[in-house]
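Trainee: Need the 3D shape of this:
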Amino acid sequence: MNNVLKLVAMGCVVIGLVACAGTPDVKTSSADFVKVSNGILTSSYGKTIYTFDKDQANSGKSECVLTCADNWPPVYVEPGIKLSGDFSLISRNDGQKQLTYKGKPLYFFVKDKNPGDKTGDNVNKVWHVVTP
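Mentor: A predicted model of the protein is given here:
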């Protein structure tokens, strides 16, 4: 019986890891993964990074919360990370730190499944890929 419980527990861990494997950038602990690829900001995995027109640059807050943040996951960073240049961070309502570029909060789009996808560009004319 003990071995059966161990196998069930191990199976749950494996399923959890597989489920998380498809979105490695959504809750990353470091801003080191941001790069320029084909003229836009992406993660090191090639996921496109976006800004939201309703966010005011340098306001220190994100207007994309609740359901919006489910569809447009914020680019999170670990507190205390050293950023330079046009990168900074803001504190979200839940206390997590979100990466900003030129004062605007950064996001991923859940419908971008493969590296290089830009399906979120110009959605509702308020979401845009970030060009440095």
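Trainee: gap between the spatially most central residue of the chain and S43?
Mentor: Centroid-nearest residue in the chain, with Cα atoms, centre = their mean: V75, separated by 3.1 Å. As for V75, its distance to S43 is 8 Å (criterion: Cβ to Cβ, to the nearest Å). Glycine gets a C-beta too; all of them are placed from N, C-alpha and C.
Trainee: pLDDT value on S44, please?
Mentor: Listed pLDDT for S44 reads 83.
Trainee: how far away is it from G103?
Mentor: S44 sits 23 Å away from G103, going by Cβ to Cβ.
Trainee: With T51 instead?
Mentor: 10 Å.
Trainee: Just want to know which of these two has more residues nearby.
Mentor: Taking neighbours as other Cβ atoms under 10 Å, T51 and G103 compare with T51 leading, 23 against 15.
Trainee: What strand or helix carries the more buried one?
Mentor: Assessed by DSSP states H and E, T51 sits inside strand 50-52.
Trainee: Which strands and helices lie in contact with that strand?
Mentor: strand 104-105, strand 127-129 (3 or more Cβ pairs under 8 Å, 6 or more residues apart in numbering; DSSP states H and E).
Trainee: hmm, who's touching that strand?
Mentor: Strand 50-52 has contacts (Cβ atoms under 8 Å, 6 or more residues apart in numbering) with 62-64, 72, 101, 104-109, 120-121, 126-130.
Trainee: Buried among those? Need that as a selection in PyMOL.
Mentor: Restricted to buried positions by 16 or more other Cβ atoms under 10 Å, the PyMOL selection for the contacts of strand 50-52 reads:
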select buried, resi 62+64+72+101+104+105+106+107+108+109+120+127+128+129+130
